[in-house]
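Student: The following block contains a protein sequence and its predicted model.
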Amino acid sequence: MSILSSELILNPDGSIYHLNLLPDHISDTILTVGDPARVAQVSRHFDSVEVEISHREFVTHVGYYKGQRMMVMSTGMGTDNIDIVMNELDALVNIDFVSRTVRPEEERIKLRIIRLGTSGSLQPDIPVGAMLATEHAVGLDSLMQFYPLMETGLETEIATALQQQLQLPFAPYVVRGSDLLREQAGQGMLVGNTLTCPGFYGPQGRVLRLDLRQADYIARLQSFAHLNAEGKFRLTNFEMETAGYYSLGRMLGHEVVSLNAILANRATGEFAENPAALVDEMIERTLQRLV
Ligand SMILES: O=P(O)(O)O[C@H]1O[C@H](CO)[C@@H](O)[C@H]1O
Ligand SMILES: O=c1cc[nH]c(=O)[nH]1
């Protein structure tokens, strides 16, 4: 069935509505960053950059790294933006823009999406400067209230325990990312479970002028533990996109991993002296692992 022009929105040049990209622009391996300025920080390592497209917070460079076609794009902050990025990237490869129909299953493309993001550690033993690859993401945002995400038994168990122990008035969602991509792109990094928050301040337990509803919110997150057949599950770090990537990646059939440069430590109160250097280190380490 043909998808209506109010649902699959194409610009006059045939590009997709927000990302402004054409199907020909897409590479199978996609690096994503939150900050538009970080796109050039990644693509300066490419052998060549052939396409540069920019619209709102979505800046994309497409080129080659060590002979492999690759693209890097910025997403802005938050899972509401990840809803746009994942749906539009998937449409670019898995929907025929001429007939406006979904490609048959045997023709669908599985993208490899690697988030290169910054993050705050929750635990004293994960210091500023550490690099962490996310195994499970825990979504405290409401994105999955709108999609039929299938969670495993373990994921549901963890989500239920979290809701109870944190006394949350809503159910978080828990979703594991790609083990394959984590082992490749995140090789040598710490492995952790990332809390995706719908905000940088209150939802990450930061107090400037406004108090939190629960004064011991951070302490509850730090001490959350769930014993299961795989071992002990604890929460390691805060950011704002990973659970959106992992859940939409699972539903749309793409491999996704989130890599995090730890800039803040919320247990010790430290922040990185040179955040740009840490981001550079993450970019360089990751690119080397992808070829
Ligand atoms: O550095 P990025 O990739 O933007 O990631 C983190 O930094 C932003 C907040 O400062 C949020 O987007 C969070 O997820
Ligand atoms: O503490 C932090 C640091 C970076 N990004 C976040 O979302 N939180």
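Tutor: That came in fine, so what should we check first? Ligands and ions are numbered 1, 2, ... in the order given.
Student: near ligand 1, which residues of this protein show up?
Tutor: For the chain, the residues in contact with ligand 1 (CB under 6 Å from any ligand atom) are 33, 34, 35, 77, 117, 118, 200, 239, 240, 241. Every C-beta, even on glycine, is put in place using the N, C-alpha and C of the backbone.
Student: pretty sure the third one is touching residue 74, no?
Tutor: Yes - counting by CB atoms under 8 Å, residue 35 does reach residue 74; the two are 6.2 Å apart.
Student: Tell me the one among the residues of the chain next to ligand 1 nearest to residue 83.
Tutor: residue 241 (10.3 Å; CB to CB).
Student: Please tell me how far that closest one sits from residue 51.
Tutor: Going from residue 241 to residue 51 by CB to CB, to the nearest Å gives 24 Å.
Student: So which residues of this protein form helices?
Tutor: Applying DSSP state H to the chain gives helices spanning 37-43, 79-94, 153-166, 179-185, 217-223, 242-252, 275-290.
Student: Return the most buried member of these.
Tutor: helix 242-252 (a mean of 25; mean count of other CB atoms under 10 Å).
Student: What residues does the residue in the chain positioned nearest to ligand 2 make contact with?
Tutor: Nearest residue of the chain to ligand 2: residue 120, at 2.3 Å (CB to the nearest ligand atom). Going by CB atoms under 8 Å, 6 or more residues apart in numbering, residue 120 touches 204, 237, 238, 239, 262, 263, 264, 265, 266.
Student: what do you get if the cut-off is 10 Å, keeping everything else the same?
Tutor: Counting by CB atoms under 10 Å, 6 or more residues apart in numbering, residue 120 touches 126, 128, 195, 197, 200, 204-206, 237-239, 260, 262-267, 271.
Student: same question, residue 125
Tutor: The neighbourhood of residue 125, defined by CB under 10 Å, 6+ apart, consists of 190, 236, 265, 267.
Student: so what's the first one closest to, chain neighbours aside?
Tutor: Spelled out, it's residue 190. residue 132 (4.5 Å; CB to CB, 6 or more residues apart in numbering).
Student: try the last one
Tutor: Using CB to CB, 6+ apart and skipping residues adjacent in sequence, the residue nearest residue 267 is residue 124, 4.1 Å away.
Student: what about the residue nearest to residue 190, how many residues close to it?
Tutor: When counting by other CB atoms under 10 Å, one arrives at 24 neighbours for residue 132.
Student: same deal with residue 12?
Tutor: So residue 12, with other CB under 10 Å, has 5 neighbours.
Student: What of residue 201?
Tutor: 13.
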